[in-house]
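>>> Any chance you could fold what I've pasted below:
(chains A and B)
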Amino acid sequence: MKPVRTRFAPSPTGALHVGGARTAFFAWLLARHSGGKFILRIEDTDRERLVPGAISGMIQELKWFGIEPDEGPSHAELLQAGENIEGIPNLGGAYGPYIQSLRGERYRAVAEDLIAKGVCYRCDCTPAMLEQERNEQMARKESPGYSGYCRDRNVSATAKHVVRFRMPFKKTVVLEDAVKGRVVWESAPLKDTVLLKSDGMPTYHLAVVVDDHDMEITHILRGDEWLSSAPIHVLLYEALGWEKPVFAHLPVIKGPNGKKLSKRDGSVNTSVFREDGYLPEALLNFTVLIGWSEGDGTEQEIYTRQDLVEKFSIERISQAGGIFDYGKLAWMNGSYIRALPYEEFHQFAKQRIEKSGFTVPDARLRAIGPLVQERVKVLAEISPMVEFLAEKPVERDLTQIVAKDMTLERASEVLGRAKDLLGSLPSFSHDQIEGALRPLVTEIGAKAGSVFGVLRIAIMGKKVTPPLFESLAALGKEETMARIDQAVPLVSAAAAQP
RNA sequence: GUCUCCAUCGUCUAGCCCGGUCUAGGACACCUCCCUUUCACGGAGGUAACAGGGGUUCGAAUCCCCUUGGAGACGCCA
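Numbering: from 1, shown residues only, chains lettered A, B, ... in the order given. Sure, this is the predicted structure:
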């Protein structure tokens, strides 16, 4: 049994997408599960769509998820490709370079070999010719594809040309896919695909086959969208006399509308989820569960990275695509946040507050933090929830005070009484505050929610806040009294309005 | 248009390969109730699915065929 080697092979045309991330997770999980290697390879053969910084970005995003490839672009390679290496691990490995644009010679050599074998041929048709051909085919309602005009023209190697695969006229191509099962194609409609572009760069089809072979990849895990070009790859392996790796085509992740997940559906880039305050463990857990299930009858939904590594298997990958349910992700993320040791949550809270541009004394935050921790689903919700602790003026929407059993007049009374009650407290603990305020409810004769609601608005400026007594205790007596004093005239004035 | 893949609650899925134990299980969401100072958390219930039609069989969510629906591919993009 050969040691397992899997790879994630993104093209650096943008940021890491959750779909791509899940492909990476599956490949990484399989490698870790079987004690094999996980390789990162960059497929940057399209010079036009290349986005500077994308390679470093990919590596950083994977790192955020706690995934560091066993092999991948070294610093030297990154530099050659014009990438930044600051804060980027120096991967490297025995099968490099791991950036395809650095391996051009190898592909060209294989292409020459293929031409010599008669499997491929040179073609000098211009893009304009091809487009016209395609349009005519479409007009005739035929399936579009290259006619094979240059097949036997022996186009000179010195002319500007591409190299095409000579698709057999009649051949049955069979792929035993690890998730889809046996898939069969007839070669005829497959057409003569370009393998080497006129700029000397390989297309995906050539590069992927050559690299997976050269890098001794044993399992190709990739998105469903590649299934239709798999027969080309199978034929290439056969023509080259190379042993095929295991293919596993992963079910797609769809948006809520059932179509391919796109920015319109919500966040798609992992960096955006990070900024919103999703935890990497939660996002990983969630995405892995789209298209994979343990399936032993347990009701488990929350899996640690280690659980996943132990339990993952290619056999349990499902065939049908799944919709990315943002709501369920939010639930799961909240569950991960609640499970955090408080100190960790505290640090996250401090970072978030700092980013929001206000300051909260650490003692105040610490007093209320645990209550906030069980209330947020994403880290971004922390700041608005603790903003009342900041040393800055409170903005109050007094209209929110009014309820079925609460008027502004009565609110004035509530505030006046609360001021007396709280003001005479020797210490400002949760119990003391509750002891003082509880009797006020019966005294006023309104629902507890309404009475305490008045205090929430007056002191914290919001109707929905962490629990009142804890909040006041966190604020401290001095600040609480000051805020009541500020609110009293405002409420009286509002009550006096017609 | 051609090719390929897919099809269990609204969503993620278990069950399907090895038909009976499935009056189809879990989770998210939703609804009700409990807890309760708001919001959450937690707890107890509830609504909700085998796409349709034919076979095969004593028996089908499970096997076969067809239909329908959905998705992807058909580029000197990956």
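>>> List the buried residues in stretch A:479-493.
For stretch A:479-493, burial by neighbour count (16 or more other C-beta atoms under 10 Å) applies to A:E479, A:T480, A:M481, A:R483, A:I484, A:A487, A:V488, A:V491. From N, CA and C alone the C-beta is placed, and that goes for glycine too.
>>> The first one and A:S471, how far apart?
What it means is A:E479. A:E479 is 11 Å from A:S471, where distance means C-beta to C-beta, to the nearest Å.
>>> now swap in the last one and tell me
With distances taken as C-beta to C-beta, A:V491 is found 19 Å from A:S471.
>>> Could you do the fifth one as well?
With distances defined as C-beta to C-beta, the gap from A:I484 to A:S471 amounts to 13 Å.
>>> same check, this time on the fourth one
Using C-beta to C-beta, A:R483 is found at 11 Å from A:S471.
>>> and if you look at the third one?
A:M481 sits 14 Å away from A:S471, taking C-beta to C-beta as the criterion.
>>> what about stretch A:375-390, average pLDDT?
For stretch A:375-390, mean pLDDT is 96.
>>> how about the CA coordinates for that stretch, as CSV?
Extracted in CSV, the C-alpha atoms of stretch A:375-390 (Å, rounded to 0.1, in the frame of the first residue of the first chain):
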residue,chain,number,x,y,z
ARG,A,375,-25.7,35.4,24.1
VAL,A,376,-23.7,35.9,20.9
LYS,A,377,-23.6,33.8,17.9
VAL,A,378,-20.7,35.6,16.2
LEU,A,379,-18.0,37.7,17.8
ALA,A,380,-19.1,40.8,15.9
GLU,A,381,-22.2,40.9,18.2
ILE,A,382,-20.0,41.5,21.3
SER,A,383,-19.4,45.2,20.8
PRO,A,384,-22.9,46.4,20.5
MET,A,385,-23.8,44.3,23.5
VAL,A,386,-21.2,45.7,25.9
GLU,A,387,-21.2,49.3,24.5
PHE,A,388,-23.2,50.4,27.5
LEU,A,389,-20.1,49.7,29.7
ALA,A,390,-18.1,52.3,27.7
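>>> neighbours of A:L190, just the number please.
19 (other C-beta atoms under 10 Å).
>>> Next one, pLDDT for it please.
Note for A:L190: predicted pLDDT of 91.
>>> Please apply the same query to the one 3 residues further on.
Here, the pLDDT recorded for A:T193 equals 95.
>>> Tell me which helix or strand in chain A has the weakest average pLDDT.
Lowest by mean pLDDT, DSSP states H and E among the helices and strands of chain A is helix A:127-139, with a mean of 89.
>>> what about the helices in the stretch 301-450 of chain A?
A:305-311, A:326-339, A:342-356, A:362-373, A:382-386, A:408-423, A:430-444, A:448-455 (DSSP state H, counting those that start in this stretch).
>>> Rebuild those helices as a markdown table, extending it with mean neighbour count and distance to RNA strand B.
Shown next, in a markdown table, are the helices of the stretch 301-450 of chain A (neighbours: other C-beta atoms under 10 Å; distance: least, C-beta to the nearest atom of the strand, whole Å):
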| stretch | mean neighbour count | distance to RNA strand B |
| --- | --- | --- |
| helix A:305-311 | 16 | 13 |
| helix A:326-339 | 17 | 3 |
| helix A:342-356 | 16 | 14 |
| helix A:362-373 | 18 | 7 |
| helix A:382-386 | 21 | 8 |
| helix A:408-423 | 19 | 13 |
| helix A:430-444 | 16 | 7 |
| helix A:448-455 | 21 | 4 |
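>>> for these, which one sits closest to A:R164?
Across the helices of the stretch 301-450 of chain A, A:R164 has its closest neighbour in helix A:305-311 (42.4 Å, C-beta to C-beta).
>>> Contacts for that closest one next, please.
Here helix A:305-311 makes contact (C-beta atoms under 8 Å, 6 or more residues apart in numbering) with A:L29, A:R32, A:H33, A:G66, A:E281, A:L284, A:N285, A:V288, A:E294, A:Q300, A:Y303.
>>> What of stretch A:380-392?
Taking C-beta under 8 Å, 6+ apart as the rule, stretch A:380-392 contacts A:275-277, A:348-349, A:352-353, A:355-356, A:358-361, A:364-365, A:368-369, A:372, A:375-376, A:394, A:459-462, A:465-466, A:471, A:474-475.
>>> follow-up on the earlier one: is any residue of the least confident helix or strand of chain A near RNA strand B?
Yes - Helix A:127-139 is in contact with RNA strand B by C-beta under 7 Å from any atom of the strand, via A:P127, A:L130, A:R134.
>>> The second one: neighbour count?
Yep, that's A:L130 we're talking about. Neighbours of A:L130 (other C-beta under 10 Å): 18.
>>> Show me the residue sitting in the middle of chain A in space.
A:T270 (3.0 Å; C-alpha atoms, centre = their mean).
>>> Which neighbouring residues are in contact with that one, exactly?
Taking C-beta under 8 Å, 6+ apart as the test, what A:T270 contacts is A:A15, A:L16, A:H17, A:V18, A:A21, A:E61, A:W64, A:F65, A:L283.
>>> and the gap between it and RNA strand B?
17 Å (C-beta to the nearest atom of the strand, to the nearest Å).
>>> What of A:K191?
Applying C-beta to the nearest atom of the strand to A:K191 and RNA strand B gives a distance of 6 Å.
>>> which residues touch that residue?
A:G145, A:Y146, A:M167.
>>> let's see 6 Å
Counting by C-beta atoms under 6 Å, 6 or more residues apart in numbering, A:K191 makes contact with A:G145, A:Y146.
>>> Tell me the backbone dihedrals of it, please.
Per-residue torsions, A:K191: phi 70, psi 160 (degrees, to the nearest 10).
>>> returning to that earlier point: JSON lines for the contacts of A:T270, including secondary structure, neighbour count and pLDDT?
Formatted as JSON lines, those follow (DSSP: H, G, I helix; E, B strand; the rest coil; neighbours: other C-beta atoms under 10 Å; pLDDT from 0 to 100):
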{"residue": "A:A15", "secondary structure": "coil", "neighbour count": "18", "pLDDT": "95"}
{"residue": "A:L16", "secondary structure": "coil", "neighbour count": "24", "pLDDT": "96"}
{"residue": "A:H17", "secondary structure": "strand", "neighbour count": "18", "pLDDT": "95"}
{"residue": "A:V18", "secondary structure": "helix", "neighbour count": "23", "pLDDT": "96"}
{"residue": "A:A21", "secondary structure": "helix", "neighbour count": "28", "pLDDT": "97"}
{"residue": "A:E61", "secondary structure": "helix", "neighbour count": "23", "pLDDT": "97"}
{"residue": "A:W64", "secondary structure": "helix", "neighbour count": "17", "pLDDT": "98"}
{"residue": "A:F65", "secondary structure": "coil", "neighbour count": "20", "pLDDT": "98"}
{"residue": "A:L283", "secondary structure": "helix", "neighbour count": "23", "pLDDT": "98"}
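>>> I'd like those residues as CSV, with distance to A:T6 appended.
CSV is the format used below for those (distance: C-beta to C-beta, whole Å):
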residue, distance to A:T6
A:A15, 22
A:L16, 17
A:H17, 19
A:V18, 19
A:A21, 15
A:E61, 18
A:W64, 20
A:F65, 16
A:L283, 20
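>>> Make TSV out of those residues and add distance to RNA strand B.
Converted to TSV, those look like this (distance: C-beta to the nearest atom of the strand, whole Å):
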residue	distance to RNA strand B
A:A15	14
A:L16	13
A:H17	11
A:V18	13
A:A21	15
A:E61	16
A:W64	22
A:F65	19
A:L283	14
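>>> how about A:M58, what does it touch?
A:P10, A:L16.
>>> Mind doing that once more with 8 Å?
A:M58 makes contacts with A:P10, A:P12, A:L16, A:L40, A:I42, as judged by C-beta under 8 Å, 6+ apart.
>>> which SSE is it in?
Using DSSP states H and E, A:M58 sits in helix A:54-64.
>>> What are the buried residues along that helix?
Residues A:A54, A:I55, A:S56, A:G57, A:M58, A:I59, A:Q60, A:E61, A:L62, A:W64 are the ones in helix A:54-64 that count as buried (16+ other C-beta under 10 Å).
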